[in-house]
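Visitor: Sequence and predicted structure, then a few things I'm wondering about:
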Amino acid sequence: MIEAYLIAAFAMSGVLFFSRKKAVIYTLVILFLIGQCSLTVYEYQHLNLEEAGYFKADAFSVIFLSVLSLISLASAYHSYVFHTKRNGLVRNVAIYFSAWVMFIVAMSGVYLSSHIGLTWVFIELTTLCASALIYHNRNERSIEGTWKYIFVCSVSITLAFIGILFLSVAIQEAGSTDLYYGALLSHAPKLNPFWLKLAFIFIFTGYTCKAGLVPMFTAGVDAKDKAPSPASALFSSALMNVGFTGIFRFYEIIAQTTILPWANVIMLVAAVLSIFVAAVYMLKVNNAKRMLAYSSIEHMGIVLLGIVSGGIGAFGAILHLILHSFAKVSLFFQIGQVYRVYGSKSILDIGNYFKYNTTGAFVLILSFICVTGMPPSGMFISEFMIFRGVFQSHHVLILILVISLITMIIWAFGKNMFKMVFTAPADFDDRQVEKISAVESLSQFFFLALLVYLGLNPPAQLVSLIEEAIKNLPHEVWKRS
């Protein structure tokens, strides 16, 4: 199945790039989405089946491939609306969807790859595809965002590649040359701790650019700001999941070795610093899309805390990552509508949104409740699991610090969000405000409802998949010695 999917997707992307008829473009996008959903269903029905020598869908793969496919359906619709309203050149629409298709293919490849080297290749491919999407508007700001993204990601991915080289030295000393994840897991206890530590530092640092974590988080913020909102939604959900996948796959290997406590300290520091950075910037940010980008950094820090804590914290981390994806795409899709009303991303220029788009204003309020983890948001449940894991791992002071920072973030987020919804904007001429159809907000209501349902009443299949996904992590919470 994966061979047919990759061949067809590459072919569709190539045809899309050269196509100059909108009917052909949108037909190919629909066909690709059918193939994407078919791949997801197939991989769920064929768990742990090796394909093409380099791919295997395990529980972790299926979870995030499913999230990606759901988000892709909504992203395709909102991309269609985006281009319809702008009525730009067909050539630009073709290039956008060509890159969009390859972007989703690359992310799917990361989830399904069973080889650490192939994972790196697909993550590098996401950089190229994302760059084309960031540059779509073809103005000075998009050029600036594109070159920054390419530069930071290129440096980061190079660091990850160096880490893989160090890992290959360690695996050779253990009497093997196999860099498949299964082989690495089985050989993990025999790997030289020195080379393993070097590999971890470089791989973890390298993939933080995609995961949106300290230290390489800066590229993602500019990318989400400069790209069209349907693409920004993918950057703030599925792409961050891709970065987490690279870290998680290697952390599974580290969990079988004696350097696990050492690696946990590094990840714990990165998690707390990520939340701290998000809090600092959230207090002063005036750009709505950048505000959402910093919110994503906060949540990735929370996810990392759960993984490090282990036990129920690890379960909560995977659940939180799923729910965060649905919450953040809802916000980015809606911010796209906000921009069409006000012609600005500045929070200072936005206000009284209830008057101009009542349905969209409800989406903003509900999304704020969900993304900040307030009941009945499912993210309240996942955050509670993570914080319980942190408490059980005897990191009480860190828990107090994190909760204090999150409280500051919620205050800053709420201040800006309610200003956008209720406070009248200054010097705003509303005589030619675009009327936004309520239909455009249906996808956001769907994702928010799904977020609540999966958090409060997760299906047995999802619980089983998450438990299977974290089976190689420590079952007991980590306690600092």
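Guide: Sure thing, it's come through. Numbering: from 1, shown residues only.
Visitor: all helices of the stretch 1-150 of the chain, in order?
Guide: 2-18, 22-45, 59-86, 90-112, 116-134, 140-173 (DSSP state H, counting those that start in this stretch).
Visitor: can you redo these as a markdown table with distance to V269?
Guide: C-beta coordinates here come from the backbone N, C-alpha and C atoms, glycine included. Converted to a markdown table, the helices of the stretch 1-150 of the chain look like this (distance: least, C-beta to C-beta, whole Å):
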| stretch | distance to V269 |
| --- | --- |
| helix 2-18 | 37 |
| helix 22-45 | 35 |
| helix 59-86 | 25 |
| helix 90-112 | 25 |
| helix 116-134 | 23 |
| helix 140-173 | 17 |
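Visitor: got a list of what the nearest residue to A211 once chain neighbours are set aside touches?
Guide: Among residues not flanking A211 along the chain, G243 sits closest, at 3.0 Å (C-beta to C-beta, 6 or more residues apart in numbering). By C-beta atoms under 8 Å, 6 or more residues apart in numbering, the contact list for G243 reads 123, 207-213.
Visitor: 7 Å instead?
Guide: Contact analysis of G243 by C-beta atoms under 7 Å, 6 or more residues apart in numbering lists 207-212.
Visitor: can you check V169 too?
Guide: Counting by C-beta under 7 Å, 6+ apart, the residues that V169 touches are W195.
Visitor: Please flag which of the contacts of G243 sit within helices.
Guide: Members of the contacts of G243 lying in helices (criterion: DSSP state H): 207-211.
Visitor: which of those tops the neighbour count?
Guide: For the ones in helices among the contacts of G243, the largest neighbour count, defined by other C-beta atoms under 10 Å, is 31 neighbours, found at K210.
Visitor: Quickly note the distance from it to W120.
Guide: 11 Å (C-beta to C-beta, to the nearest Å).
Visitor: Could you check how far I403 is from A11?
Guide: 51 Å.
Visitor: With adjacent residues omitted, what lies nearest to G163?
Guide: Nearest one to G163, counting by C-beta to C-beta, 6+ apart, is F202 at 3.0 Å.
Visitor: Pretty sure that neighbour sits against I162.
Guide: Yes - at 4.8 Å, F202 counts as touching I162 under the criterion of C-beta atoms under 7 Å.
Visitor: Compare these two (neighbour count), which wins?
Guide: Between F202 and I162, F202 has the larger neighbour count (other C-beta under 10 Å), namely 21 against 17.
Visitor: how big is the angle separating the helix or strand hosting that one from helix 116-134?
Guide: In the assignment (DSSP states H and E), F202 maps to helix 193-211. Here the directions of helix 193-211 and helix 116-134 differ by 20 degrees (axes from the mean of the first three to the mean of the last three C-alpha atoms, to 10 degrees).
Visitor: and after helix 193-211, which helix or strand comes next?
Guide: Counting by DSSP H and E, what follows helix 193-211 is helix 218-226.
Visitor: Which neighbouring elements make contact with that following helix?
Guide: helix 116-134, helix 140-173, helix 288-309 (3 or more C-beta pairs under 7 Å, 6 or more residues apart in numbering; DSSP states H and E).
Visitor: Please work out which of those is packed deepest.
Guide: helix 288-309 (a mean of 27; mean count of other C-beta atoms under 10 Å).
Visitor: could you give the angle of the helix or strand just after it to helix 59-86?
Guide: Where DSSP H and E defines the elements, the next helix or strand beyond helix 288-309 is helix 312-342. Taking the same axes, to 10 degrees, one finds helix 312-342 and helix 59-86 inclined to each other by 0 degrees.
Visitor: just checking, T245 touches S113?
Guide: No - proximity of T245 to S113 does not meet the contact threshold set by C-beta under 7 Å, at 8.9 Å.
Visitor: could you list every residue that touches Y356?
Guide: 341, 430, 433.
Visitor: Same list (the contacts of G243) but as CSV, adding distance to S330 and pLDDT.
Guide: Shown next, in CSV, are the contacts of G243 (distance: C-beta to C-beta, whole Å; pLDDT from 0 to 100):
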residue, distance to S330, pLDDT
Y207, 26, 96
T208, 25, 95
C209, 25, 93
K210, 21, 94
A211, 21, 93
G212, 18, 92
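Visitor: closest to K345 among those residues?
Guide: G212 (18.9 Å; C-beta to C-beta).
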